[in-house]
Each structure stands twice: as structure tokens, then as C-alpha cells.
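Trainee: Sequence and predicted structure, then a few things I'm wondering about:
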Amino acid sequence: MILHINTSREWRGGEQQLFYLAQGLSLEKINQIIIGIPGSPLEERCLAEGFEFIPLEMKSELDFRAIRSIRAICQSKKVSLIHTHTGHAHTLALLAKRKHLNIPLIVSRRVDFKPAQSFFSRWKYKHPAINYYLPVSHKIRSIMIEAGISPERLITVYSGIDLKRFVKMASGETLREEFSIPKKTIIIGNIAALVDHKDQETLIRSIAKIKTELPFKLLIVGEGKLEKKLKAITRELGLEEKIIFTGYRKDIPELLSLFDIFTLTSKEEGLGTSVLDAMAAGLPIVATRGGGIAEMLTHEKGAYLANVADTDSLAQYYNDLIESEVLRSTFGSFNKQSVKRFSFQNTVQKTKLIYYSFLGDSLYEKV
């Protein structure tokens, strides 16, 4: 029995990756339980899919009531391996396991910042009860090595996407009408939470430097605590006619069909599955080299890559793609082929092999 733990109250890339993994394991009849926050989007989706979900309030990474509950679940459900999917889940599972549970603990790592050097952080990340870390990019793996984690405990497992979602792309014309965008206007799209490390401020300042005379607009899709600040910068730069903030949207495939260019200007990024979605949709991409982004893309073939916060280069790349339909088509076609190595089925299979290295054929045993 595999136990997944996720402490997020929201639905973002990490939760989607856990859900894809659970789907893949379910298809192979591998027994699993998911512990998550009561009333969370993850609970809603898991119950709809028929996955066994245990709602558990986890108020902090030192919630000792939750730690005792996790340990009790492991014992009563005969859990044979724990896989955590958030930073707080990592701590909770470690404290639940320690010397009390003789079962493997695997920790997915999706963020590309270096662990702190406090006593608690060093204890948490270097504890021998953690068998493997699964960073989602080589960039994260290298950061973990710099932090003192043994390379033998680090296995890169790229995030993946459902390529079938993009086989038959919907028309974006309805959305063009919704946002009142004229037909010949080139649309640059950004899909990301409005938070500091996604760095939409750099994106907006880059848009201000574009020199083309051709009509274009930028759609910023997402919500977050920096929304007011970003809108204020947009007004200060006189870009209200160029930039549309859509807020949170669920119709991502439809939005991608509307875009002509996709962009992500993050300072840090574990991998960035929104980039993979855009590749699968056959879009050209302009992005920064933040975190693991560059591991997905090929500069000057499917994408243009700039250094973090380099507004001049980003503006020139947007300009070049806006002005060349041939370039947009060529880059998009390249990405559509290149992205096939990032299917979620590949992610599932590599993760399953790691489980198998601990459990052998018992991975498939019925409970």
C-alpha cells in the first residue's frame, strides 16, 4: 500500500502531478491512499475519481496531532511506502516515521530554492529516514547537492502532462470575443500564479519595450497576492490597452488555442508544467532560464530563452515572433514533437520503478 501525503489547500502543478500519478498507479492496480486537506480541490477530484482519500487537517509541519494520525494510518492500513508531495508533508511524514515505522519514505521536491541552513532545516533534509528525494528537474537536483544532500539519494523524475488533452484543440474564437480582441491581433499568453517568483513584473516591463507596429495583446491568466501591484505597474506604463488580466481560469486548453505565443518569465521554477502544456498545444515560447525551465526547451528551435529579469532580450524575442508567422509556426511544430518525452505516463513509470526497487512484486499485492 502506497501512502501519498499532500498539505496544499489549493490546486496547482504539484497537486496535478500527484493526481496524474494516482491515475497511473490505479490503472496498474497498485493500492494507494491519499491524505490531504479536508475540502481541498484535491479531495474533490480524488473522490470523483474513486480514489481512497483520507481528509486530515494538517495545520503546520509540526502538527503533532496530524503526525500521530499519519502514524496510525500507516499501521492500520499496512502502508508499505510513504511518498510526500509538499514541504510540510515532508516534515510530517518524517516525524511520523523516524524510528517508529520501518517503511521507506520518498520526498518529491518541486521548488528550486536552496534549503535553509538552520538546525531544523539541516535535520529535516539530511535525516537518514528519508530514502530518496525525487527532484522534478536536474536544476533542483544540483541545488540539493549544493545543500549537502548525497547524490545517491537524489533521482530526477520530470513532471509530465496528459498529451491527449491537446490532440484536438478547441477553437479560441469564443474567448477572443469574450475578451474583445480583434481577429488579427497577436496574443501573448502567460499562465501562472501572481506571486513573486513567477515575476510577471519583468513580463510587463518587457511588453513596454516591444517596438513592433503590429497589433498584439498580453493575457495574464491567474490570481495571487501581487495582482494589485501588477495592475498598478500596468497603469503606470500606460499598457491598459495591451494587457488583460483574466483572473483564475479552468479552461486552459481553450486559452492555449487562443494564444499565438506562450511566455513564462519566472525567477525560480521547479520545472513549470504550464510550459509543457504550451508545447503540447504547438505554441512557440519565450521564457527565462529560471530554475528548470531551460531543461524543457531548445533555444532558437522551439523557444527563445533569456536570462532572468532581462527585459531587453525578452522584448526583442516577443518582437521577432510577433512579426513572423513562419517563425511562430516553425517553433510551435518543433515543440509539439519535443514535448512527447514529458508525458505523465513516463513520470508514472519512473516513479513506479523506484517504488518497485523497495517493494518488489509486493507492490502489486492486494490488501
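Mentor: Yes, it's here.
Trainee: Just give me how far the helix or strand of the chain with the lowest mean pLDDT sits from the chain centre.
Mentor: Lowest on mean pLDDT, DSSP states H and E among the helices and strands of the chain sits helix 173-178, with a mean of 87. Put simply, helix 173-178 sits 27 Å off its chain's centre (CA atoms, centre = their mean, to the nearest Å).
Trainee: Which helix or strand lies directly C-terminal to that helix?
Mentor: Once the chain leaves helix 173-178, the next helix or strand it forms, by DSSP states H and E, is strand 186-191.
Trainee: Show me what that next one is packed against.
Mentor: Secondary-structure packing of strand 186-191 (3 or more CB pairs under 8 Å, 6 or more residues apart in numbering; DSSP states H and E): helix 200-207, strand 216-221, helix 252-258, strand 261-264, helix 273-280, helix 311-323. Glycine gets a C-beta too; all of them are placed from N, C-alpha and C.
Trainee: Residue 335 is nearest to which of these?
Mentor: helix 273-280 (3.8 Å; CB to CB).
Trainee: Give me the average confidence score over the closest one.
Mentor: On average, the pLDDT along helix 273-280 is 92.
Trainee: Kindly calculate the angle that that helix makes with strand 216-221.
Mentor: Going by axes from the mean of the first three to the mean of the last three CA atoms, to 10 degrees, helix 273-280 is angled at 130 degrees with respect to strand 216-221.
Trainee: Name the residues of helix 273-280 that come out as buried.
Mentor: By neighbour count, with 16 or more other CB atoms under 10 Å as the criterion, the buried positions of helix 273-280 are 273, 274, 275, 276, 277, 278, 279, 280.
Trainee: domains in this structure, as residue ranges please.
Mentor: As assigned by automatic domain parsing, the chain contains the domains 2-160+343-364, 163-341.
Trainee: how far is the shortest one from where the chain is centred?
Mentor: So the one you mean is domain 163-341. 16 Å.
Trainee: For residue 239, see how far away residue 232 is.
Mentor: 11 Å (CB to CB, to the nearest Å).
Trainee: out of the two, which sits in the busier spot?
Mentor: Just comparing residue 232 and residue 239: by other CB atoms under 10 Å the higher neighbour count belongs to residue 239, 16 against 11.
Trainee: check contacts around the more buried one.
Mentor: Residues counted as contacts of residue 239 (CB atoms under 8 Å, 6 or more residues apart in numbering) are 204, 207, 208.
Trainee: so what's the residue lying closest to the first one once chain neighbours are set aside up against?
Mentor: Spelled out, it's residue 204. Excluding the flanking residues, the one nearest residue 204 by CB to CB, 6 or more residues apart in numbering is residue 233, at 5.4 Å. Residue 233 makes contact with 201, 204, 205, according to CB under 8 Å, 6+ apart.
Trainee: pLDDT score for the last one?
Mentor: Reported pLDDT at residue 205 in the predicted model: 97.
Trainee: burial measure for the closest residue to it other than its chain neighbours, as a count.
Mentor: Spatial nearest neighbour of residue 205, excluding adjacent residues (CB to CB, 6+ apart): residue 311 at 4.9 Å. Neighbourhood size, residue 311 [other CB under 10 Å]: 18.
Trainee: and what of residue 59?
Mentor: 11.
Trainee: That one against residue 66, yeah?
Mentor: Yes: Residue 59 is within contact range of residue 66, at 7.3 Å (criterion: CB atoms under 8 Å).
Trainee: coming back round to it: can you add distance to residue 295 and give the contacts of residue 233 back as JSON lines?
Mentor: Output for the contacts of residue 233, formatted as JSON lines (distance: CB to CB, whole Å):
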{"residue": "201", "distance to residue 295": "24"}
{"residue": "204", "distance to residue 295": "26"}
{"residue": "205", "distance to residue 295": "26"}
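Trainee: Thanks a lot, catch you later.
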